[in-house]
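In: Below is the sequence, then the predicted model.
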Amino acid sequence: MDNAVVATHTHEAAVHEEHHHVSLPQHRHHFETEEQQREAGTFGMWLFLLTEIMFFGGLFFAYLLYRNWYYDAFVAASNQLNVKLGAINTVILIGSGFFMALGVWAAEVRKKSLLVLFLVLTTVLGFAFLGIKYVEYSEKFEKHHVPGAHFDISEFVNPPIDAKTGQPSEKPLAPDMAQKTQVFFSLYFAMTGMHAVHMIIGIVLLFWLTARAYSGDFSSGYVAPIENFGLYWHFVDIVWLFLFPLLYLINRHPLK
Amino acid sequence: MSATSSTILNLPDQRTATMPKRNYLNNEHGLLSWLLTGDHKRIAILYLISITFFFFIGGAFAGLIRLELLTPQPDLMASDTYNKMFSMHGIVMIFLFLVPSVPATLGNFLIPIMLGTRDLAFPKINLLSWYLYLAGGTFTLAALIFGGVDTGWTFTTPLSTHYLNTNVITAATAIFIAGFSSIFTGLNFIVTIHRMRAPGMTWFRMPLFVWAHYAASVLMVLGTPVLAITIVLVALERTVGIGVFDPTKGGDPLLFQHLFWFYSHPAVYIMILPGMGVISEIVSTFSRKRVFGYTAVAFSSVAIALFGFFVWAHHMFIMGVSNYSALVFSLLTMLVAVPSAIKIFNWAFTLQKGSITFETPMLYAFAFFGLFTIGGMTGVFLGALGMDIHLTETYFIVAHFHYVMVGGMLMAFLGGIHFWWPKMTGRMYPESFSKLSAVTSFIGFNLTFMPQFILGYLGMPRRYHAYPAEYQVLNVLSTAGATVLGVGFLLPLLYLTWSLRYGAIAGNNPWQATGLEWQIQSPPLTENFIETPIVDHEAYDYEWLAHKTEQEVTVG
């Protein structure tokens, strides 16, 4: 009985040893198996995304509160955002996420040049998003819609008269409610700004991953960094998918 | 058959103990081997050195505060300087000492060993969190050197955003960065506990130390990002002038309070839970008994973490929240007392009929019981609405949280350091000195903070550098106590440093404890275990240990 047990143990130990010998260079010594390493990495990434949800959660909570308090100001201010550019950006970001997903697939099937191509396309679309965001931000500066010393509420108190109808193009707001548009723009800049910061961090990481992919790091079945970065990039996309309707489309539903 | 033959408990003779030739301390040499290490034990040592440094900086501020309060007149420093003193004391002690204290040092060192694994899941991220901690510490020191910050540690708006010309941004950056250090530590612990346990190490065989860290890590991961975004909004409001918290622009300062305390209340459980984990280990070891009600103690940690997220508004009873929400939060606050009491009672039952010995860690644990119970019970006073309105913003609050944070967490931290010091360094400290320091800190602590309960009840407000002359006697007592307390904290620094070179060699298991960490050499190997242990018993199997000793005696 004893001998039998010992024998099995030695056998298992031998198998174990063998496993260590064939392990890949990316295998970290403190993990028992590569599967454990991969699971730990993915789990860690999901936890990190949970912290990101809590991070953005503070902003979403502030949005919820003030939108309920100052609904009219939020409508008027939201109408000043450029829906067309916002919509284009949404499409761009979904496209970028699509290429990222293809990139993960390319890494999994070990196609090096395809992976590099998809990562580059993801990066390009990321830049396109930031470029359009820049255009939108500069428009806000011109219209004095940036919170702070130069913020101007006159446009909300006395909306420009529409030449065709002779009516104000927007419903005029009382001055105290018009003041509250500044809260909307504060949140607009804080939320889209935090989102843009995450995009910039993502793009920096994309450069690093592209370089590694180009030198063949992910062509031997080791895809964890690509996969985990994909999770991050999709998370950033999803944040935008909430931001776009909440900020741009408050008063633009077709049933109105 | 295999249950006993493959068991990994062993009790070497301590008198013949020798220092192991190879261990994590001498595995590699040179400063760089420390600064670029991925070894959780070395990172724990790096943390231990840095948090000790910041502890004494924070302690120096506390000393100056108490010195100013020795006399009723504001004679040592101007009121602005005094504001900076208590702000810096709070910021340093909370973000740079209490939050990382037990998790980043003892937790970092012990969790992988207790789980039977070679390292935390992400060693590089572990090192990164130490560097983030250092960066946060550097920014704090910068804020201090460039003139200090006087918002209080709470950064209350609009005071912090509009009215102060001090280094708010620098201090806010420090807290933001230190927050990420804490997030990454928590993340590393959770992944390690979920994915890296040795074969046979089931959830309910884990030491309660690990359970407590699991609960605290959940709070770190879910709470800290909310503080981060709040700090970002304060910084944006101060620099760019956005209006989220600014009433002149339609913002609401109360929103800041909600967001801030949504983190900062759970943060007090981040600070105390790991300490409770330490106490569970110490009590069990020096009572030679399994922790009474293991499951209840494990789940009470999780319950504290869970309830901790739903009580934050009890910091805001006098800030104009509605009566109904105050009522609900008051009731929820009482709920937290339940799992805390479960712990205290279970430890008491662990002691019952145990073979209790009074080594230094046990003295600190007893200090913890008394002081934490007083701190916790006064917390129930403060959770009650009417009492809170009378006592809030007085020295009663100050005494209450110092009883929990210093009397609870700091005692647990020191107890833990004394308990695992032989494991971390391989050497014993002089037991007479360490017992003296435990008793000194206990006496000094009570002398410092007991008078503050009375002062607060009599109505002395906190955060003022002058007070009516009738409060002087109690304030003198408090300052005298702080001096004794200071000695109690300085002593361990001296004899622990001394012991690094001259202490007796400890051997693997100086306390005859059953935990997995005591079954390997001290100091451990870099890889902790030569081969992955297979765990077939839980962490507190003292009955088995007693039997083993009996057998040995019979054979001898």
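Out: Cool, got the structure.
In: Please make it C-alpha for all contacts and neighbour counts, starting now.
Out: Fine.
In: which strands and helices sit next to the top helix by length along chain B?
Out: Identified as the longest helix of chain B according to DSSP state H is helix B:253-287. For helix B:253-287, the packing partners by 3 or more Cα pairs under 8 Å, 6 or more residues apart in numbering or on different chains; DSSP states H and E come out as helix B:101-102, helix B:208-239, helix B:294-308, helix B:323-351, helix B:360-383, helix B:411-425.
In: Give me whichever of those is most buried.
Out: Stretch with highest mean neighbour count among the helices and strands packed on helix B:253-287: helix B:101-102 (a mean of 28; mean count of other Cα atoms under 10 Å in any protein chain shown).
In: What's the mean pLDDT across that helix?
Out: Mean per-residue pLDDT for helix B:101-102: 94.
In: Same check on stretch A:126-146?
Out: For stretch A:126-146, the mean pLDDT works out to 93.
In: what residues does that stretch touch?
Out: A:82, A:85, A:89, A:92-93, A:96, A:150-152, A:182, A:185-186, A:196, A:199, A:203 (Cα atoms under 8 Å, 6 or more residues apart in numbering or on different chains).
In: Kindly indicate which of those lies nearest A:Gln36.
Out: A:Ile203 (28.5 Å; Cα to Cα).
In: Could you list which residues are in contact with the closest one?
Out: By Cα under 8 Å, 6+ apart, the residues touching A:Ile203 are A:Thr123, A:Gly126, A:Phe127.
In: Repeat that for B:Gly383.
Out: With Cα under 8 Å, 6+ apart, B:Gly383 has these contacts: B:His314, B:Ser330, B:Leu331, B:Thr333, B:Met334.
In: Tell me which of the contacts of A:Ile203 fall in helices.
Out: Per DSSP H, the contacts of A:Ile203 map to helices at A:Thr123, A:Gly126, A:Phe127.
In: tally of neighbours for A:Leu130?
Out: 17 (other Cα atoms under 10 Å in any protein chain shown).
In: For it, give its distance to A:Ile88.
Out: 12 Å (Cα to Cα, to the nearest Å).
In: likewise B:Arg238?
Out: Taking Cα to Cα, one finds B:Arg238 at 33 Å from A:Ile88.
In: Up against chain B, what does chain A have?
Out: Taking Cα under 8 Å from any Cα of the partner chain as the contact definition, chain A meets chain B at A:30-31, A:36-37, A:39-40, A:43-44, A:47-48, A:50-52, A:54-59, A:62, A:66, A:147-149, A:179-180, A:182-183, A:186-187, A:190.
In: related to what we said a few turns ago, out of the contacts of stretch A:126-146, which is nearest to chain B?
Out: Taking Cα to the nearest Cα as the measure, chain B lies nearest A:Ser186 of the contacts of stretch A:126-146, at 4.9 Å.
In: wait, what's in contact with that closest one?
Out: A:Ser186 makes contacts with A:Val146, A:Pro147, B:Ile242, B:Gly243, B:Val244, as judged by Cα under 8 Å, 6+ apart.
In: okay if I get those as TSV plus neighbour count and distance to B:Ser264?
Out: Converted to TSV, the contacts of A:Ser186 look like this (neighbours: other Cα atoms under 10 Å in any protein chain shown; distance: Cα to Cα, whole Å):
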residue	neighbour count	distance to B:Ser264
A:Val146	23	31
A:Pro147	25	28
B:Ile242	28	23
B:Gly243	28	23
B:Val244	28	20
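In: before we move on, the earlier item: can you list which of the contacts of stretch A:126-146 are found in helices?
Out: A:Leu85, A:Asn89, A:Ile92, A:Leu93, A:Ser96, A:Gln182, A:Phe185, A:Ser186, A:Ala196, A:Met199, A:Ile203.
In: Serialize these to TSV and add fields for pLDDT.
Out: Putting the ones in helices among the contacts of stretch A:126-146 into TSV (pLDDT from 0 to 100) gives the following:
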residue	pLDDT
A:Leu85	95
A:Asn89	96
A:Ile92	97
A:Leu93	96
A:Ser96	96
A:Gln182	92
A:Phe185	94
A:Ser186	93
A:Ala196	97
A:Met199	97
A:Ile203	97
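In: Among the residues you listed, give me the pair with the biggest separation.
Out: A:Ser96 and A:Gln182 (31.8 Å).
In: What about the nearest residue to B:His465 once chain neighbours are set aside, how many residues nearby?
Out: Using Cα to Cα, 6 or more residues apart in numbering or on different chains and skipping the chain neighbours, the partner closest in space to B:His465 is B:Pro74 (5.9 Å). Other residues lying near B:Pro74 total 16 when counted by other Cα under 10 Å.
In: same deal with B:Ser79?
Out: B:Ser79, neighbours per other Cα under 10 Å, totals 15.
In: helix/strand/coil for the residue nearest to it when sequence neighbours are not counted?
Out: Leaving aside its sequence neighbours, B:Ser79 sits nearest to B:His465 (Cα to Cα, 6+ apart; 6.4 Å). Taken by DSSP: H, G, I helix; E, B strand; the rest coil, the conformation at B:His465 corresponds to coil.
In: mind listing what B:His465 touches?
Out: Here B:His465 is in contact with B:Glu68, B:Leu69, B:Gln73, B:Pro74, B:Ser79, B:Tyr82 (Cα under 8 Å, 6+ apart).
In: just for the stretch 51-200 of chain A, where's the confidence low?
Out: Applying pLDDT under 70 to the stretch 51-200 of chain A picks out no residues at all.
In: Name the nearest residue to residue 109, sequence neighbours excluded.
Out: In the absence of a named chain, this looks at chain A. A:Val109 sits nearest to A:Gly221 (Cα to Cα, 6+ apart), 7.7 Å away.
In: nope, chain B please
Out: Nearest non-adjacent residue to B:Phe109 (Cα to Cα, 6+ apart): B:Lys41, at 4.6 Å.
In: That neighbour is in contact with B:Pro112, isn't it?
Out: No: if you go by Cα atoms under 8 Å, B:Lys41 and B:Pro112 don't touch, sitting 9.3 Å apart.
In: These two: which has the busier surroundings?
Out: Shown here are B:Lys41 and B:Pro112; by other Cα under 10 Å, B:Lys41 has more neighbours (29 against 25).
In: Would you mind measuring from the more buried one to chain A?
Out: Distance, B:Lys41 to chain A, using Cα to the nearest Cα, to the nearest Å: 14 Å.
In: helix or strand for that residue, which one?
Out: helix B:40-68 (DSSP states H and E).
In: Between helix B:411-425 and that helix, find me the angle.
Out: 140 degrees (axes from the mean of the first three to the mean of the last three Cα atoms, to 10 degrees).
In: Show me what helix B:40-68 is packed up against.
Out: helix B:31-35, helix B:79-91, helix B:108-115, helix B:123-145, helix B:472-502.
In: Pick the most deeply packed of these.
Out: Across the helices and strands packed on helix B:40-68, averaging neighbours per residue (mean count of other Cα under 10 Å) puts helix B:108-115 on top, at a mean of 25.
In: could you check the angle helix B:40-68 makes with it?
Out: Using the same axes, to 10 degrees: helix B:108-115 against helix B:40-68 is 140 degrees.
In: Can you spell out which helices and strands pack onto helix B:108-115?
Out: helix B:40-68, helix B:168-195.
In: one more time with 10 Å, if that's ok
Out: Identification of packing neighbours for helix B:108-115 by 3 or more Cα pairs under 10 Å, 6 or more residues apart in numbering or on different chains; DSSP states H and E yields helix B:40-68, helix B:168-195, helix B:208-239, helix B:411-425.
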